[in-house]
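# need a 3D model of the following:
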Amino acid sequence: MTTLRDRLTPPISALITSRFRRDLTRNVEGLRRRLSGSAPTVRYFHQVDDPYSQLAVQMLAPLMARYRIALQIHLVPAPDDAAAPERERLRAYGLRDAARLAEVYGLAFPPDARLPGAETIMLAARRLAVDLSPEAFAALAPQVGAELWSGRNLDPTGAAPEGAAQAALAQGEAERLRLGHYLGGMFQFEGEWYWGVDRLNHLEERLAGLGLDRTPEAPKLAPYLTMRLDRTAAPGPAPVIEFWFSFRSPYVSIAFPRVRTLARHYGAELRLRPILPMIMRGLPVPPTKTRYIMLDTKREAERSAMPYGRMIEPVGAPTERCMAVLWRAMALGKGEAFGELALQSIFAHGRNPAEDAVLFDLGRRAGLTDDDLRAGLADDSWRAAAEENRQALFDAGLWGAPSYRVNGQPAHWGQDRLRMLEDDIP
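Residues are numbered from 1 along each chain as shown. Next up, the predicted model:
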């Protein structure tokens with residue numbers, strides 16, 4: 001039965017993710033700055049033991065040189081467990097992913113980086129807490145990070161007392177919470193958040209739109225990465241792309257059609273590996289994280305001209321019914337079509353697959369008969385398959401969706417890693 005919440009969620013989510021709301025926020029923040037006479041100010045939140053922060057901090061000096069902005073630096077601790085589940089897998093993956101991302105953007109990160117211990121992390125924070133002025137920090141932080149991630153002993157000379165570093169971390173955490181975020185490696189500018197080098201393209205575009213770019217004709221510092229689709233696969237067996245996804249991930253909703261495009265272009269076999277969402281596996285998702293993901297997905301969807309924003313909450317029956325029908329559709333060779341349609345229904349059109357009329361319409365459009373749909377809904381075998389897929393994802397070193405890999409190579413996590421997935425295709 002459709003509840004009042006079910007009816008209200010799509011229009012509310014459409015408003016929250018709308019350009020109207022975004023433009024209103026930007027205009028209000030800009031007006032507040034102009035009335036106060038303040039300079040356009042980007043805040044940067046640095047987590048010393050975060051590989052992505054080590055990449056982002058290398059962009060600070062170029063960012064200040066390129067754009068007419070002031071910069072504020074904040075040291076922050078690691079996010080809590082609710083915001084960063086499967087912490088050990090995240091830490092291990094971050095090392096590998098940061099090294100690959102560094103290659104793409106021409107930054108430095110050791111390919112053999114090791115996870116630092118607590119004492120080394122605190123010493124790095126003490127080194128940086130001495131001077132958080134933008135110029136000093138932009139010069140010192142990449143050097144300290146290089147020592148930290150290479151496993152070399154950090155020089156304690158001139159480090160601030162531990163109490164001073166703890167105070168700086170507490171101040172940074174308080175400011176991060178006040179402004180509404182949870183991660184390190186984040187840029188914040190007048191009401192919006194940008195994660196590391198991956199989202200710097202959005203921040204650069206916004207600063208340029210305000211006339212703050214000193215060299216607007218030059219390429220962006222961190223251009224948007226998209227699939228090239230400029231070659232064919234090497235002769236031989238068709239590549240195999242394994243694709244782990246859930247029906248509750250906004251990022252999956254915009255990754256799914258692009259993964260299909262990638263597979264078709266290279267003649268790859270796309271193996272769908274659906275999993276239950278984290279929240280249905282007992283892993284909480286804080287509201288702050290949910291909100292950021294919604295807004296971030298909207299920006300990324302616009303980059304690819306994809307519909308997104310009018311959504312429902314798919315936890316429970318919508319996901320379970322989609323999983324059941326998907327399992328049947330996969331057996332009939334129609335899993336890709338049904339999966340994409342279902343995700344569009346959930347995240348772009350606000351139509352609830354918990355309703356028979358919606359689910360059967362999606363199934364028919366994917367080429368399924370009503371008998372196929374009824375058979376799928378009566379079959380619970382998808383639950384065991386979903387658990388097998390989850391375990392396979394853990395075995396690959398990852399934990400969430402979207403994740404993918406080519407021919408059993410190291411897996412990638414995130415809708416913004418399709419360029420790397422493409423590069424893995426022989």
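
# residue 147 reaches residue 154, doesn't it?
Yes: at 5.2 Å, residue 147 counts as touching residue 154 under the criterion of Cβ atoms under 8 Å. To be clear about C-beta, it is placed using only N, CA and C from the backbone, and glycine gets the same treatment.

# what touches both of those two?
Common neighbours of residue 147 and residue 154, using Cβ atoms under 8 Å, 6 or more residues apart in numbering, are residue 124.

# now the one helix or strand residue 384 maps to, how far from the chain's geometric center?
Using DSSP states H and E, residue 384 sits in helix 382-395. Computed by Cα atoms, centre = their mean, to the nearest Å, the chain-centroid distance of helix 382-395 equals 22 Å.

# dump the next helix or strand after it to CSV, restricted to CA.
Sequence-wise, the next helix or strand downstream of helix 382-395 (DSSP H and E) is strand 403-406. The C-alpha coordinates for strand 403-406 follow below in CSV (Å, rounded to 0.1, in the frame of the first residue of the first chain):
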residue,chain,number,x,y,z
SER,A,403,31.8,-1.9,-8.2
TYR,A,404,33.3,-3.6,-11.3
ARG,A,405,36.3,-5.4,-12.7
VAL,A,406,37.5,-6.7,-16.1
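
# which elements pack onto strand 403-406?
Secondary-structure packing of strand 403-406 (3 or more Cβ pairs under 8 Å, 6 or more residues apart in numbering; DSSP states H and E): strand 240-245, strand 412-413, helix 418-423.

# and the second one, which strands flank it?
Using DSSP bridges, the strands paired with strand 412-413 in its sheet are strand 403-406 (antiparallel).

# surely residue 192 is in contact with residue 199?
No: Residue 192 is beyond contact range of residue 199, at 9.5 Å (criterion: Cβ under 8 Å).

# need phi/psi at the closest residue to residue 104 other than its chain neighbours.
Spatial nearest neighbour of residue 104, excluding adjacent residues (Cβ to Cβ, 6 or more residues apart in numbering): residue 225 at 6.6 Å. Note on residue 225: backbone dihedrals following degrees, to the nearest 10 are phi -100, psi 130.

# so residue 225 is in contact with residue 101, correct?
No: with contacts counted by Cβ under 8 Å, residue 225 stays clear of residue 101, the gap being 9.2 Å.

# so for these two, which sits in the more crowded spot?
Shown here are residue 225 and residue 101; by other Cβ atoms under 10 Å, residue 101 has more neighbours (22 against 17).

# so the more buried one is in which element?
helix 87-105.

# and residue 22, by the same measure?
For residue 22, the element it lies in under DSSP H and E is helix 19-36.

# which element follows that helix toward the C-terminus?
Remark: after helix 19-36, the chain's next helix or strand is strand 41-46, criterion DSSP H and E.

# which pLDDT value belongs to residue 2?
Reported pLDDT at residue 2 in the predicted model: 69.

# cheers, nothing more for now.
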